[in-house]
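*Asks:* Based on what follows, work out the 3D shape:
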Amino acid sequence: MNGMYTIFTIGLLLILATPIYSLRGVQQSKTPMSSLAHSFEPVYSNEGKYLNVAELLDACRDFSSVLRKIGQTTLARDFESNIRKAEALYNSAPSNQRQSL
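*Replies:* The predicted structure is shown next:
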């Protein structure tokens with residue numbers, strides 16, 4: 001069952017992250033999902049060569065918060081567990097390599 005939640009979460013994350021460039025400059029009403037889309041904007045580097053891992057972890061925390069707001073507490077707990085694992089890996093890497101893990 002956890003595998004299904006993880007697959008669902010990754011799929012949802014990919015769906016939300018895909019149209020980021022099309023959302024820039026567009027005025028939308030504030031919903032949990034619209035604010036979430038904007039939190040993923042800084043994840044992709046300006047040079048387009050890597051993902052900014054620190055920004056990705058922050059955006060994932062925001063995603064977890066939205067999951068809780070829409071009543072997906074079990075999914076949020078599972079996702080938060082995965083975030084902690086990723087943070088542990090991030091924190092164990094030398095600081096000069098953290099930006100582009």
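*Asks:* Which positions within stretch 72-88 qualify as buried?
*Replies:* Going by neighbour count (16 or more other Cβ atoms under 10 Å), the buried part of stretch 72-88 is 72, 75-76, 78-80, 82-83. Just so you know, the C-beta spots here come from the backbone N, C-alpha and C atoms, and that holds for glycine as well.
*Asks:* of all these, which comes closest to residue 60?
*Replies:* Of all the buried residues of stretch 72-88, the one with the least separation from residue 60 (Cβ to Cβ) is residue 83, at 5.1 Å.
*Asks:* Grab the nearest non-local neighbour of that closest one.
*Replies:* The shortest distance from residue 83 to any residue that is not its chain neighbour, by Cβ to Cβ, 6 or more residues apart in numbering, is 5.1 Å, and that residue is residue 60.
*Asks:* Name the helix or strand for the one you found, please.
*Replies:* Residue 60 belongs to helix 53-69 when assigned by DSSP states H and E.
*Asks:* Identify each buried residue in that helix, please.
*Replies:* So helix 53-69, judged by 16+ other Cβ under 10 Å, has buried residues 53, 55-60, 62-64, 66-67.
*Asks:* swap in stretch 38-58?
*Replies:* 39-40, 43-44, 52-53, 55-58.
*Asks:* Ends of it, what's the gap?
*Replies:* 12 Å (Cα to Cα, to the nearest Å).
*Asks:* Kindly export the host helix or strand of residue 81 (C-alpha atoms) in CSV.
*Replies:* Under the criterion DSSP H and E, the helix or strand holding residue 81 is helix 73-92. Coordinates of each C-alpha in helix 73-92 appear next as CSV, following Å, rounded to 0.1, in the frame of the first residue of the first chain:
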residue,chain,number,x,y,z
THR,A,73,-2.9,12.8,6.3
THR,A,74,-1.7,9.3,5.7
LEU,A,75,-0.2,10.2,2.4
ALA,A,76,1.4,13.3,4.0
ARG,A,77,3.0,11.2,6.7
ASP,A,78,4.4,8.8,4.2
PHE,A,79,5.7,11.7,2.0
GLU,A,80,7.3,13.4,5.1
SER,A,81,9.1,10.1,5.9
ASN,A,82,10.6,10.2,2.4
ILE,A,83,11.5,13.9,2.8
ARG,A,84,13.4,13.1,6.0
LYS,A,85,15.3,10.3,4.2
ALA,A,86,16.2,12.8,1.4
GLU,A,87,17.2,15.4,3.9
ALA,A,88,19.5,12.9,5.7
LEU,A,89,21.3,12.2,2.4
TYR,A,90,21.4,15.9,1.6
ASN,A,91,22.9,16.7,5.0
SER,A,92,25.5,13.9,4.7
